[in-house]
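Enquirer: Have a look at this fold, sequence not included:
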Ligand code: SF4
């Protein structure tokens, strides 16, 4: 019997025999599928695309900070605010856990604000789905830290942009450097002293004009036991839609001269808190309609939408490089961040740049 973050055993049932068999063979089957996925991408197939590698679930689009590089923090993310319904979350996980390697539990909000976040982590864990959260760590008190550790989270990104209070507090508006720092150190201590194997701890700083002079110092200072990786996250312009955000980057990255179809449309699926589907997180206001995983009859259909007419049409527009009217792909440069190979696909980050460092 699985448990949830509140100690309530009612959210999960014991796995059936067939579910246990599926879980035991999942990794191998998905590995064998990788060349088929790559072939679908490489040949520009728009339909009957194998299931995505990664899932991005927006538990909420509400945040407690006003960070300067974030469309939510800048009040540019204008969608109705809310929290994902737990039953909807369970349906998504039930359908997608057999296929995806991992899911995030955040897109455009602070996941610690979701009242059932620990239940979500525990449910994904029980279904054999690795879950990840990126948090500003301002709400990571001792009780929440212990609940995260007990619920079975796969990876956590603890975001601390800067080595100095003045840098951090200019970027993470409404946060307190000393408090966040203390929260992060306590989380790492609790994980270590409790002997927890997971979550994989990423200590993150975003590379931008304001932080670039502090990155070497940051990397040296946070090489600590319990920090599994220091993630210097390349600046994301969120498809270049907001000039005030673009101005924060400092130095622009070069992009390939010839545009190729965006791999995200063959490898990732993004679901917002209300069930609506996004091409990727850069479409934070859903300028491009891909429908809702909840059909008119109330049934949740994730994979059907993955290969539904709207996704097929968007893939076709990418394959034919007919993107003039496709917002925000038409202003995006982040499509160039990665390209899959037959046995390797990267997540939603600038892998080329990281590998080159
Ligand atoms: S082209 Fe840019 S905005 Fe469009 S799906 Fe790819 S990464 Fe997202």
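Expert: Looks like it came in fine. No experiment lies behind these values; they were computed from the predicted model shown.

Enquirer: list the contacts for residue 289?
Expert: residue 310 (C-beta atoms under 8 Å, 6 or more residues apart in numbering). C-beta here means a position set from N, CA and C on the backbone, and glycine is covered the same way.

Enquirer: Tell me how many other residues crowd the nearest residue to residue 200 once chain neighbours are set aside.
Expert: Counting by C-beta to C-beta, 6 or more residues apart in numbering, the nearest residue to residue 200 once its immediate chain neighbours are dropped is residue 155, at 4.3 Å. Residue 155 is flanked by 18 other residues according to other C-beta atoms under 10 Å.

Enquirer: Can you give me the distance of residue 155 to residue 190?
Expert: Applying C-beta to C-beta, to the nearest Å, the value for residue 155 to residue 190 is 16 Å.

Enquirer: burial of residue 86, as a residue count?
Expert: 17.

Enquirer: which residue sits closest to it in space, ignoring its chain neighbours?
Expert: The shortest distance from residue 86 to any non-neighbouring residue, by C-beta to C-beta, 6+ apart, is to residue 116 (5.0 Å).

Enquirer: and what of residue 236?
Expert: Leaving aside its chain neighbours, residue 236 sits nearest to residue 334 (6.3 Å; criterion: C-beta to C-beta, 6+ apart).

Enquirer: Show me what the helix or strand containing residue 216 is packed against.
Expert: According to DSSP states H and E, residue 216 maps onto helix 215-221. Counting contacts by 3 or more C-beta pairs under 8 Å, 6 or more residues apart in numbering; DSSP states H and E, helix 215-221 packs against strand 229-233.

Enquirer: for residue 163, helix, strand, or coil?
Expert: Using DSSP: H, G, I helix; E, B strand; the rest coil, the structure places residue 163 in coil.

Enquirer: Roughly how far does it sit from the ligand?
Expert: 30 Å (C-beta to the nearest ligand atom, to the nearest Å).

Enquirer: That residue reaches residue 220, doesn't it?
Expert: No. Using C-beta atoms under 8 Å, residue 163 makes no contact with residue 220, being 9.6 Å away.

Enquirer: Leaving out chain neighbours, which residue sits closest to whichever residue of the stretch 51-200 of the chain sits closest to the ligand?
Expert: At 11.3 Å from the ligand, residue 56 is the closest residue in the stretch 51-200 of the chain, using C-beta to the nearest ligand atom. Leaving aside its sequence neighbours, residue 56 sits nearest to residue 270 (C-beta to C-beta, 6+ apart; 4.3 Å).

Enquirer: what do you get for residue 318?
Expert: Excluding the flanking residues, the one nearest residue 318 by C-beta to C-beta, 6+ apart is residue 261, at 3.9 Å.

Enquirer: With residue 250 instead?
Expert: Nearest residue to residue 250 in three dimensions, chain neighbours excluded: residue 209, at 3.6 Å (C-beta to C-beta, 6+ apart).

Enquirer: Verify the assumption that the one you found is located in a helix.
Expert: No. Counting by three-state DSSP, one finds residue 209 to be coil, located in no helix.

Enquirer: For it, give me its contacts.
Expert: Going by C-beta under 8 Å, 6+ apart, residue 209 touches 248, 249, 250.

Enquirer: Dig out what the residue nearest the centre of the chain forms beta bridges with.
Expert: For the chain, residue 104 is the residue whose C-alpha lies nearest the centre (C-alpha atoms, centre = their mean; 4.2 Å). Beta-bridge partners for residue 104, by DSSP bridges, are residue 56, residue 132.

Enquirer: Near the ligand, which residues of the stretch 201-350 of the chain? Just list them.
Expert: Residues of the stretch 201-350 of the chain that fall close to the ligand, judged by C-beta under 6 Å from any ligand atom: 239, 262, 264, 265, 279, 280, 282, 328, 329, 332, 334, 335.

Enquirer: Look up the pLDDT of residue 11 for me, please.
Expert: If you check residue 11, the pLDDT there is 55.

Enquirer: Likewise for residue 7?
Expert: Residue 7 is assigned a predicted lDDT (pLDDT) of 41.

Enquirer: Show me what the closest residue to residue 115 other than its chain neighbours bridges to in the sheet.
Expert: Among residues not flanking residue 115 along the chain, residue 83 sits closest, at 7.0 Å (C-beta to C-beta, 6+ apart). Bridge pairing for residue 83 (DSSP bridges) gives the partners residue 60.

Enquirer: tell me the contacts of the residue nearest to residue 236?
Expert: 236, 237, 239, 282, 350.

Enquirer: From the residues you listed, pick the one nearest residue 123.
Expert: Ranked by distance to residue 123 (C-beta to C-beta), those are led by residue 282 at 27.7 Å.

Enquirer: how many other residues sit next to the closest one?
Expert: The local packing of residue 282 (other C-beta under 10 Å) involves 24 other residues.

Enquirer: Setting aside sequence neighbours, what's the nearest residue to it?
Expert: residue 239 (3.9 Å).
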